[in-house]
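[1] here's a sequence, model it:
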Amino acid sequence: MGLRQNMASEPVSKLDLREPVLCGPAETVRDAILKMRERRLGCVIVVDIYRKPLGMFTESKLTQLLADNPEAVNDVIGNHLEKPWPWVMESDPISLVLEDMQLNNVRFIGVLNTDGQVVGLTGQKGLMEYISEHFPQQVMVQRVGSRPPAEREGA
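    Got it, this is the predicted structure:
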């Protein structure tokens, strides 16, 4: 099977989902920023007490917020969410992740279970890892911050 067929038939749960950074709607923007920095992730998913998503707070939203009002870092994060935000279910086809990212011009997609609870995060990185697994001879993958090899392996 080719990549297109695999993406249309394999569920999102096949992706290497990232552990999302979560926070409650009453936490401050500053709290969210600290969590994002600690985990080196560009977004926070704001959830209710049942772990159901209320929205997402991203680096992009932070940039806009600070440009308008630097004091907003002390505001409640629930007042500064990106809504609506695209979500996919674990059982949805992987191709839906790509479609939602393109349609909504976003880098991150929240992943929900059948109860509507946040179980993971995917997006650009998850798709690139998936694609590189399908084309191991053509795609050279290296960790961020590492030095590239002198020669490409297998080439």
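
[2] find the nearest non-adjacent residue to Gln117, please.
    Arg51 (4.2 Å; CB to CB, 6 or more residues apart in numbering). No exception for glycine: its C-beta is placed from N, CA and C like everyone else's.

[3] same deal with Leu103?
    Pro86 (7.5 Å).

[4] residues contacting that neighbour?
    When contacts are counted by CB atoms under 8 Å, 6 or more residues apart in numbering, Pro86 touches 100-101, 103-104, 106, 109-110.

[5] among these, name the ones in helices.
    Among the contacts of Pro86, DSSP state H puts 100-101, 103-104 in helices.

[6] now render the residues you listed as TSV, adding pLDDT and neighbour count.
    TSV is the format used below for these (pLDDT from 0 to 100; neighbours: other CB atoms under 10 Å):
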residue	pLDDT	neighbour count
Asp100	92	17
Met101	91	18
Leu103	91	9
Asn104	88	13
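
[7] one step back: and which of the contacts of Pro86 is nearest Ser60?
    Val106 (8.8 Å; CB to CB).

[8] pull the contacting residues for that closest one.
    Listed by CB under 8 Å, 6+ apart, the contact set of Val106 reads 58, 85-86, 100, 123.

[9] just name the closest of these to Ala67, please.
    The nearest member of those to Ala67, counting by CB to CB, is Thr58 at 14.2 Å.

[10] dump the residue contacts of the residue nearest to the spatial centre of the chain.
    Central residue of the chain (CA atoms, centre = their mean): Phe108, 3.0 Å from the mean position. Phe108 makes contact with 42-43, 56, 58, 121-124, according to CB under 8 Å, 6+ apart.
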